[in-house]
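[1] Predicted model follows, preceded by the sequence.
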Protein chains: 2
Amino acid sequence: MTVQETVDRYLQIWNQRDAAARRAGVNALFTETCKYTDPLAAVAGRDGIDGFIAAVQQQFAGVRFVLAGGVDSHHDVARFTWHARAEGRDEPVAIGFDVAVLDGGRIQQVVGFLDKAPA
Amino acid sequence: MTVQETVDRYLQIWNQRDAAARRAGVNALFTETCKYTDPLAAVAGRDGIDGFIAAVQQQFAGVRFVLAGGVDSHHDVARFTWHARAEGRDEPVAIGFDVAVLDGGRIQQVVGFLDKAPA
């Protein structure tokens, strides 16, 4: 799996509203000791990450996360910008920037920042 | 020490050309198990980081690293952009973007990217 594919699958998980499929995606994509930190949450482990994604999905129903621009990667790290898009809205409702650290092809750590906070 | 101060001290270390003072700065600022990854190097531990900084200083004599813009931080993470400036040159000779992960006030990990690679 290339880094680009890993990032694509990461965003797919954010858009996966079926709880069992989302959890299977988290298990496949993240290491057991993974960490996730963004302005809204600092969680660890697959339970922590899956739970946080579920909470965000519930809070922002109908929002989809899409890659904005390219994935810049080297060694086992990558950076990319994403847009949160809502039906019928031209502007993204939120814009974020993430750095992902991989380990053996799985995501070990995500450090996220917001360039546009959700209203 | 605030996150802003930590980032300031981090860049001071990059500009510290006295080997003993630089190493003392690395020891004070980084955890023992720290990791550093940028497009040019992936190193670990204080020896690894100090050695890489020394090599960059030797390769880019006379270059100074300065913070460009603000430090965006939350939880134990921060992102910031830096410029590498050379005497007599108006434009930065390199522009980089780093994410730092802190642990107990020390830097545990730096993930760096280049927005303008050195010529």
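    Great, that's in hand. Here the structure is a predicted model, which is why all the values come from computation and not from measurement.

[2] in the lengthiest helix in chain A, what's buried?
    If you go by DSSP state H, chain A has its longest helix at helix A:45-59. Judged by neighbour count (16 or more other C-beta atoms under 10 Å in any protein chain shown), helix A:45-59 contains these buried residues: A:45-46, A:48-50, A:52-53, A:56-57. (C-beta placed from N, C-alpha, C; glycine too.)

[3] Now do the following helix or strand past it: distance to the chain's middle.
    Later in the chain than helix A:45-59, the nearest helix or strand by DSSP states H and E is strand A:63-74. Taking C-alpha atoms, centre = their mean, to the nearest Å, the mean C-alpha location of strand A:63-74 is offset from the chain mean by 10 Å.

[4] tell me the pLDDT at A:M1?
    For A:M1, the model assigns a pLDDT of 84.

[5] ok, back up a step: so which other helices or strands are in contact with the longest helix of chain A?
    Applying 3 or more C-beta pairs under 8 Å, 6 or more residues apart in numbering or on different chains; DSSP states H and E, one finds that helix A:45-59 contacts helix A:3-15, helix A:19-29, strand A:30-38, strand A:41-44.

[6] How many neighbouring residues does A:G62 have?
    Look at A:G62: counted by other C-beta atoms under 10 Å in any protein chain shown, it has 12 neighbours.

[7] could you list every residue that touches it?
    Residues near A:G62 by C-beta atoms under 8 Å, 6 or more residues apart in numbering or on different chains: A:86-87.

[8] Can you list phi and psi of it for me?
    When read as degrees, to the nearest 10, the backbone of A:G62 gives phi 80, psi 0.

[9] and the gap between the residue of chain A positioned farthest from its centre and B:G51?
    Within chain A, A:G88 marks the point farthest from the mean C-alpha position, 22.5 Å out by C-alpha atoms, centre = their mean. Per C-beta to C-beta, to the nearest Å, A:G88 is found 55 Å from B:G51.

[10] Ok, A:V66 next?
    A:V66 is 41 Å from B:G51, by C-beta to C-beta.

[11] Then A:H83?
    The spacing between A:H83 and B:G51, counted by C-beta to C-beta, is 40 Å.

[12] got it, and A:A19?
    Between A:A19 and B:G51 the computed distance is 47 Å (C-beta to C-beta).

[13] my read: A:R85 touches A:A94, true?
    No: applying C-beta atoms under 8 Å as the test, A:R85 and A:A94 come out as separate, 9.2 Å apart.

[14] any shared contact partners between the two?
    With contacts defined as C-beta under 8 Å, 6+ apart, the residues shared by A:R85 and A:A94 are A:V63.

[15] In this structure A:D50 contacts A:A24, no?
    No: applying C-beta under 8 Å, one finds A:D50 not in contact with A:A24, separated by 9.9 Å.

[16] for the residue farthest from the centre of chain A, helix, strand, or coil?
    Under the three-state scheme (DSSP: H, G, I helix; E, B strand; the rest coil), A:G88 adopts coil.

[17] Is the nearest residue to A:D72 once chain neighbours are set aside in a helix, a strand, or coil?
    Residue nearest to A:D72 in three dimensions, not counting chain neighbours: A:R79, with 5.0 Å by C-beta to C-beta, 6 or more residues apart in numbering or on different chains. Under three-state DSSP, A:R79 falls in the strand class.
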